[in-house]
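# After the sequence you'll find the predicted model.
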Amino acid sequence: MLTKEQLERLNDQVNTEASVSRLYLAVSCWAASKGLDGVARFFKGHHEEEEEHMHKIENYIISTGGKVSIRAIEAPPSDFKDVLSVLKMALKKEIEVSSNINKMVHLFLEEKNYSTFNFLQWFVAEQHQEEHLFRSLIDKAELIGTDEKGVFWLDKELKNVSQAK
Ligand code: FEO
């Protein structure tokens with residue numbers, strides 16, 4: 001059983017996951033239109049992962065007898081500067097998501113809702129992985145440079161990362 005505020009926090013997170021999902025879908029479509037197939041595939045995969053995160057929380061809310069509220073989300077941009085800036089934007093988003101998750105973990109522990117605290121541990125681990133992945137891709141991209149050869153390499157690297165998942 002969730003309190004009104006606890007339910008609100010979880011529904012906020014459903015909304016956040018939906019918003020990140022749409023953003024990654026927009027990046028994927030942008031990359032595909034630029035012929036960056038590896039980047040497109042990588043972000044399509046991440047879009048699908050964010051949808052799964054959203055469904056995980058929805059299902060959890062329902063399992064507690066709570067009500068899911070699906071809200072309108074702001075449309076993401078349809079144009080982006082380049083691959084490096086897109087990776088930096090994604091890292092910034094993931095850091096925001098981690099911060100939201102951490103706040104929730106704190107709230108549920110303080111309120112002795114151990115079931116939801118336990119449920120959220122999966123997201124804590126997932127956020128750690130996501131931040132690490134984007135950070136390491138940004139480091140590599142900065143090291144190799146973002147001229148045409150660098151972008152070609154990055155596109156291949158993102159394709160490899162997608163295949164490894
Ligand atoms: Fe589900 Fe990457 O935040």
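Arrived safely, thanks for sending.
# CA only for contacts and neighbour counts going forward, please
Noted.
# Any idea how many residues pack against whichever residue of the chain sits closest to the ligand?
When scored by CA to the nearest ligand atom, the chain has E50 as its residue closest to the ligand, at 4.7 Å. As a burial measure, E50 scores 22 neighbours (other CA atoms under 10 Å).
# now do E58
Per other CA under 10 Å, the neighbour tally for E58 reads 20.
# Give me the nearest residue to it, chain neighbours excluded.
Nearest in space to E58, with sequence neighbours left out and distances taken as CA to CA, 6 or more residues apart in numbering, is V68 at 6.1 Å.
# The protein: helices as residue ranges?
4-33, 37-63, 83-110, 114-144, 148-164 (DSSP state H).
# the inter-axis angle of the third one versus helix 37-63?
Put simply, helix 83-110 runs at 20 degrees to helix 37-63, going by axes from the mean of the first three to the mean of the last three CA atoms, to 10 degrees.
# related to what we said a few turns ago, can you tell me the closest non-neighbouring residue to the residue of the chain closest to the ligand?
Nearest residue to E50 in three dimensions, chain neighbours excluded: S21, at 5.0 Å (CA to CA, 6+ apart).
# What separation do you get for the one you found and V97?
For S21, the distance to V97 (CA to CA, to the nearest Å) stands at 12 Å.
# lowest-pLDDT helix or strand in this protein?
Lowest mean confidence among the helices and strands of the chain (mean pLDDT, DSSP states H and E): helix 148-164, at a mean of 89.
# Compute the number of surrounding residues for E74.
When neighbours are defined as other CA under 10 Å, E74 has 9 of them.
# My guess is it contacts V20. True?
No. Using CA atoms under 8 Å, E74 is not in contact with V20; the gap is 10.4 Å.
# So which residues on the protein come close to the ligand?
E17, E50, H53, E94, V97 (CA under 6 Å from any ligand atom).
# Okay, now the unreliable bits of this structure?
Low-confidence segments of the chain (pLDDT under 70): 165.
# change it to 80
Counting by pLDDT under 80, the chain contains low-confidence residues at 163-165.
# what's the neighbour count on the residue nearest to V86 when sequence neighbours are not counted?
Ranked by CA to CA, 6+ apart and with sequence neighbours excluded, the top spatial neighbour of V86 is F80, at 6.9 Å. In terms of burial, F80 registers 13 neighbours under the definition other CA under 10 Å.
# need the contact list for F80.
Residues counted as contacts of F80 (CA atoms under 8 Å, 6 or more residues apart in numbering) are V27, W30, V86.
# Thanks again, I'm all set now.
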